[in-house]
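In: Sequence and predicted structure below; questions after.
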Amino acid sequence: MARYTGPKTKIARKFGEAIFGDDKSFEKRNYPPGQHGNNRRRGKRSEYAIQLQEKQKAKYTYGILERQFRNLFKKARSAQGITGEVLLQLCESRLDNVVYRMGIAPSRSAARQLVSHRHITVNGNLVNIPSYQLKAGDVVAVREKSKSLESIDNSLSNSNHIYEWITWNNETKQGTYVSVPARIQIPENINEQFIVELYSK
């Protein structure tokens, strides 16, 4: 199963924001990576460079590789609604993302691992596909045998985010993907219009 396993702080510095979550190394050096560090002069970026960077940011944020991301874009373009908004909604509807949003895992990569290792159920059935697309009303839960996992307990105790489109019950360790989030509800700092323009060339 392909995924990015390289240095995350370097990627975050490239985009100028901690896209992988809290990162002390990023806070110390929140300027672009490279031999000359902060002193390097960067000229005006082209329109294509800006669009490409926005696409790369979205891919790294959600942990999706190029082919998968392109397929999501095709799906978004053929669906009803604003293409860019639908694209982000498809990314948010991925099982690994919802597991992360519910606080079961501290990061999307950790959520991906929980799903792959068969710790998560959807509507009572074991699902080990991180890219599984959830529908409104789907119930996501921690498998009975996995409820005592220390990593899950630690993540839930440190989670303080509340999202309007998700409910979570700490006692039963299960939640509901209530509805597809509207663009205004998605907190990620991504300009989806640039991605649409890039793929439309």
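Out: Ah, there it is.

In: C-alpha from now on. contacts and neighbour counts both.
Out: Fine.

In: any chance you could map the strands in the chain?
Out: With DSSP state E, the ranges of strands along the chain come out as 120-122, 125-126, 138-142, 166-169, 174-177.

In: Strand partners (parallel or antiparallel) of the second one?
Out: What that stands for is strand 125-126. strand 120-122 (antiparallel) (DSSP bridges).

In: got the domain boundaries for this structure?
Out: 8-90+189-199, 94-179 (automatic domain parsing).

In: For residue 181, see how far away the residue nearest to residue 146 when sequence neighbours are not counted is.
Out: Nearest residue to residue 146 in three dimensions, chain neighbours excluded: residue 119, at 5.9 Å (Cα to Cα, 6 or more residues apart in numbering). Using Cα to Cα, to the nearest Å, residue 119 is found at 25 Å from residue 181.

In: Over to residue 196?
Out: Residue 196 is 19 Å from residue 181, by Cα to Cα.

In: what do you get for residue 197?
Out: 23 Å.

In: With neighbour numbers in mind, choose between the two.
Out: residue 181 (21 against 14; other Cα atoms under 10 Å).

In: The more buried one contacts residue 87, doesn't it?
Out: No - contact criterion Cα atoms under 8 Å: residue 181 and residue 87 do not qualify, at 11.6 Å.

In: Report how many residues lie close to residue 198.
Out: Neighbour tally, residue 198, other Cα under 10 Å: 17.

In: Identify the residue spatially nearest to it, adjacent ones excluded.
Out: residue 51 (5.8 Å).

In: same thing with residue 141?
Out: residue 174 (4.0 Å).

In: List the contacts of that neighbour.
Out: Residue 174 makes contact with 139, 140, 141, 142, 168, according to Cα atoms under 8 Å, 6 or more residues apart in numbering.

In: which one among those gets closest to residue 66?
Out: residue 140 (26.9 Å; Cα to Cα).

In: And the pLDDT for the residue lying closest to the closest one once chain neighbours are set aside?
Out: Residue nearest to residue 140 in three dimensions, not counting chain neighbours: residue 122, with 4.7 Å by Cα to Cα, 6+ apart. With respect to pLDDT, residue 122 scores 97.

In: what does residue 84 give?
Out: 95.

In: pretty sure it contacts residue 198?
Out: No - judged on Cα under 8 Å, residue 84 makes no contact with residue 198 at a distance of 11.2 Å.

In: Out of the domains of the chain, point me to the one whose mean pLDDT is lowest.
Out: Among the domains of the chain, domain 8-90+189-199 scores lowest, with a mean of 79.

In: list the buried ones in the longest helix that the chain contains?
Out: Criterion DSSP state H: the longest helix present in the chain is helix 47-62. For helix 47-62, the neighbour count (16 or more other Cα atoms under 10 Å) marks 51, 52, 54, 55, 56, 57, 58, 59, 60, 61, 62 as buried.

In: Please apply the same query to stretch 147-154.
Out: 147, 152, 153.

In: The first one and residue 173 touch, don't they?
Out: Yes - counting by Cα under 8 Å, residue 147 does reach residue 173; the two are 7.3 Å apart.

In: now the helices: where do they sit in the protein?
Out: 8-15, 24-28, 47-62, 66-78, 83-92, 95-101, 108-116, 150-158, 192-199.
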